[in-house]
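**Q** After the sequence you'll find the predicted model.
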2 protein chains.
Amino acid sequence: MHASGALGVRTIMPHPTVIHNQMLHLWVQCGKNYSINSLKGHLHVIFHCKHEDFVVYLGDVITANNIPIQNASLYWNRAISPTRERGIPWASVFGNHDDMPFEWPMDWFSSTGIPPFRCPMNASYPSESEGGMGCNFKGTTRLELMTNELEMNKLSYSKFGPKDLWPSVSNYVLKLSSTDDPESVIAYMYFLDSGGGSYPEVISNAQAEWFNRTSQEINPNSRVPEIIFWHIPSQAYKTVAPRFYAHRKCIGSMFVEKVASQEAELGMMKLLEVRSSVKAVFVGHNHGLDWCCPYKNLWLCYARHTGYGGYGNWPRGARILEITQQPFSLKSWVHMEDGHVHSEVLLSSTKREE
Amino acid sequence: MHASGALGVRTIMPHPTVIHNQMLHLWVQCGKNYSINSLKGHLHVIFHCKHEDFVVYLGDVITANNIPIQNASLYWNRAISPTRERGIPWASVFGNHDDMPFEWPMDWFSSTGIPPFRCPMNASYPSESEGGMGCNFKGTTRLELMTNELEMNKLSYSKFGPKDLWPSVSNYVLKLSSTDDPESVIAYMYFLDSGGGSYPEVISNAQAEWFNRTSQEINPNSRVPEIIFWHIPSQAYKTVAPRFYAHRKCIGSMFVEKVASQEAELGMMKLLEVRSSVKAVFVGHNHGLDWCCPYKNLWLCYARHTGYGGYGNWPRGARILEITQQPFSLKSWVHMEDGHVHSEVLLSSTKREE
């Protein structure tokens, strides 16, 4: 799944029609040993730095919307297996392609007919206990996918998130600490579900309120830097998007698409804009964009299309994020599959060209 | 659920937001005792004629699409209870409001927030065994609704229909015989699912082929009259729809809506048009229409909005269908809730005004 030339890791897709696989992910590079804790403290891992330290799956791990399969969790497991098999921990958020109830295409009802697939049942009449209902292809929900990820994978730091934010799942915060000084906090990493698939493409007002409440509580004076991850760019991305190939304020190598943003802005960006501790937002979604642009007090960044599913055939890469504790720095670049590196940017710079 | 003034039966809707209830149904009136047999012969009922003999639920029994409920079968049961409690047998087809996966409304994500409903779970994280997934509101499918109807109701003559026609459920044929001469057949009644809700609003090519195959097999010489029931009018209804209040060829009392037809015509009407045994098609769907119009060799009829769910507040009624064996006749009229009767039409007339 990784497209790193340095490691030469690349996944051969066994089911390319199902695994979407634009694992626009980030690697948190550490300058020293670090630990990651969930806020509730029941996850705690300490390990030594390696080239790859932590992978963030930025959504659209699979294309499970509108596919007549019984259980997309199997494909999800396959998609994350390269990370798991290398013993690398990860966290994930949902994208717009991960879940959706199946919609029957109109042309399946014409003379060409319904493609050959068979319901997993033998009874003449279906009953729930026989699994007969499976043939209606309700889709595998975010909750089911997340349940599966957490039950099957001890290396996953993903979370369901608060129930009162559902159907928005994968809203959580992770604390990054140095193992040299476990009490100190290097950064808080916020993961949010930007919707899509089974529900509208938005970050809800309730999610914004959750971020506000949580950040006020755990980082009241904005002393600790905060980094934000979700899948679909907010509308602010459109205001900073370079209109030509390059743009002096933006750093990146691909500017070939329009920003496909969330459907509405329901308060999240207003909170981030005024919070000095928020350094950057990272999104996926657009495969043809890989830039970082300054926006008010923070940076708005795309990662880079990493996988071999989904649209677009631009060269694959991954965005790397290197976090240094003292003095705090947040450096990022894009690492291409062929090993070539570009678009380095210092995101923690307080003096940006405005 | 019946709106018959003669019986004075009327259902009080306990959950009007959920029970759609445009039971545009037909009553088969018999001139003598009769029996109804399923084609496979494992259903066989003989009973004496009463004022109400057989009820056909023409779809949209409930509004279960886009309602965040766990199990719409409960509402379905409530909707058919007046028929069941009077010991009247019935058959049903699905309409476009009976099933659909829930779609989250965009405005639930704004500051007004998600309306108060609670997931039926106590665990901090959901698991399938705890029913935690129910909160994603996948909807109750046609197969689940039909399974429930058949398991719960001995008076129901409804059927799933052939599996190879799914997701189109409720495709079946019933044989109407006289108890005086069980070997004879008075008529075949075909029930079809015209889609909508969880899949497109069409009668598929596969359904048309099923009708063709079945009718050729059981009624090869077209000697036995055939009557057809489904929910959404086919496009042919548009071609015969009266353009003004009244129309000399059409018989009815409501002409206040445009025909809302199926999305495509995939072969069914072509088969019916050339088959002399097909006397009439009955549909629901449009609450503001109650006419019968001649179309080629048959009649295209609406029933009449019977229930108190769904749009429109026109006076409620039910279409009655009286079948006489010898000589065969098919007479129909609309019976209003206040007892008033109108729009009588002889559908078996071979000499129609063209």
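**A** Happy to help now that I have it.
**Q** Show me where the stretch 151-300 of chain A has its helices.
**A** A:205-218, A:236-240, A:268-273 (DSSP state H, counting those that start in this stretch).
**Q** can you tell which of these is closest to B:Pro82?
**A** Taking CB to CB, helix A:205-218 is the member of the helices of the stretch 151-300 of chain A nearest to B:Pro82, at 41.9 Å. No exception for glycine: its C-beta is placed from N, CA and C like everyone else's.
**Q** Other residues contacting the closest one?
**A** Contacts with helix A:205-218, where a contact means CB atoms under 8 Å, 6 or more residues apart in numbering or on different chains, come from A:39, A:162, A:164-165, A:168, A:171, A:173, A:175, A:188, A:190, A:192-193, A:226, A:266-268, A:270-271, A:275, A:277, B:109-111, B:113-114.
**Q** now that helix: mean pLDDT?
**A** What helix A:205-218 shows for mean pLDDT is 96.
**Q** starting at the chain centroid, how far to it?
**A** Distance, stretch centre to chain centre, for helix A:205-218: 19 Å (CA atoms, centre = their mean, to the nearest Å).
**Q** Name the residues of it that come out as buried.
**A** Neighbour counts over helix A:205-218 (16 or more other CB atoms under 10 Å in any protein chain shown) mark A:205-211, A:214-215 as buried.
**Q** ok so, going back, may I see the ChimeraX selection of the buried members of the contacts of helix A:205-218?
**A** One line in ChimeraX is enough to select the buried members of the contacts of helix A:205-218, burial here meaning 16+ other CB under 10 Å:
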select /A:165,168,171,173,175,188,190,192,193,226,266,267,268,275,277 /B:109,110,114
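**Q** Surely A:Leu155 touches A:Ile88?
**A** Yes - A:Leu155 lies in contact with A:Ile88 (CB atoms under 8 Å); the separation is 6.9 Å.
**Q** hmm, back to that, what's the closest of the helices of the stretch 151-300 of chain A to A:Cys292?
**A** Judged by CB to CB, the one of the helices of the stretch 151-300 of chain A that comes nearest to A:Cys292 is helix A:236-240, at 9.6 Å.
**Q** Output the below-cut-off pLDDT ranges for the stretch 151-300 of chain A.
**A** For the stretch 151-300 of chain A, the stretches flagged by pLDDT under 70 are A:179-180, A:244-247.
**Q** what residues does it put near chain B?
**A** A:160, A:163-164, A:166-167, A:195, A:198-200, A:202, A:204-206, A:263-264, A:266-267 (CB under 8 Å from any CB of the partner chain).
**Q** How many residues are close by A:Gln235?
**A** Using other CB atoms under 10 Å in any protein chain shown, A:Gln235 has 13 neighbouring residues.
**Q** wait, doesn't it sit right on A:Met268?
**A** No - A:Gln235 lies out of contact with A:Met268 (CB under 8 Å); the separation is 10.3 Å.
**Q** which non-adjacent residue is nearest A:Val345?
**A** Leaving out its chain neighbours, the residue that sits closest to A:Val345 by CB to CB, 6 or more residues apart in numbering or on different chains is A:Ile251, at 4.3 Å.
**Q** Look up how far chain B lies from the one you found.
**A** 32 Å (CB to the nearest CB, to the nearest Å).
**Q** Bridged to that residue, which residues?
**A** A:Cys292 (DSSP bridges).
**Q** right, and it touches A:His342 too?
**A** No - at 9.2 Å, A:Ile251 does not count as touching A:His342 under the criterion of CB under 8 Å.
**Q** residues near the closest residue to chain B within the stretch 201-350 of chain A, how many?
**A** For the stretch 201-350 of chain A and chain B, the shortest gap (CB to the nearest CB) falls at A:Ser204, measuring 3.8 Å. Look at A:Ser204: counted by other CB under 10 Å, it has 29 neighbours.
**Q** residues contacting the residue nearest to it when sequence neighbours are not counted?
**A** Distances taken as CB to CB, 6+ apart put B:Phe109 closest to A:Ser204, at 3.8 Å, once the chain neighbours are dropped. Contact analysis of B:Phe109 by CB under 8 Å, 6+ apart lists A:195, A:199-200, A:202, A:204-206, A:264, A:266.
**Q** Out of these, flag the one nearest to A:Val334.
**A** A:Gly195 (26.2 Å).
**Q** residues near the closest one, how many?
**A** Around A:Gly195 there are 27 residues (other CB under 10 Å).
**Q** A strand includes A:Pro82, no?
**A** No - applying DSSP: H, G, I helix; E, B strand; the rest coil, one finds A:Pro82 to be helix, outside a strand.
**Q** ok so, going back, please report the distance of the residue of the stretch 201-350 of chain A closest to chain B from A:Phe211.
**A** 11 Å (CB to CB, to the nearest Å).
**Q** do the same with A:Asp99
**A** Distance from A:Asp99 to A:Phe211, by CB to CB: 23 Å.
**Q** And for A:Ser170?
**A** Applying CB to CB, the value for A:Ser170 to A:Phe211 is 13 Å.
**Q** I'm done for today, thanks for sticking with me.
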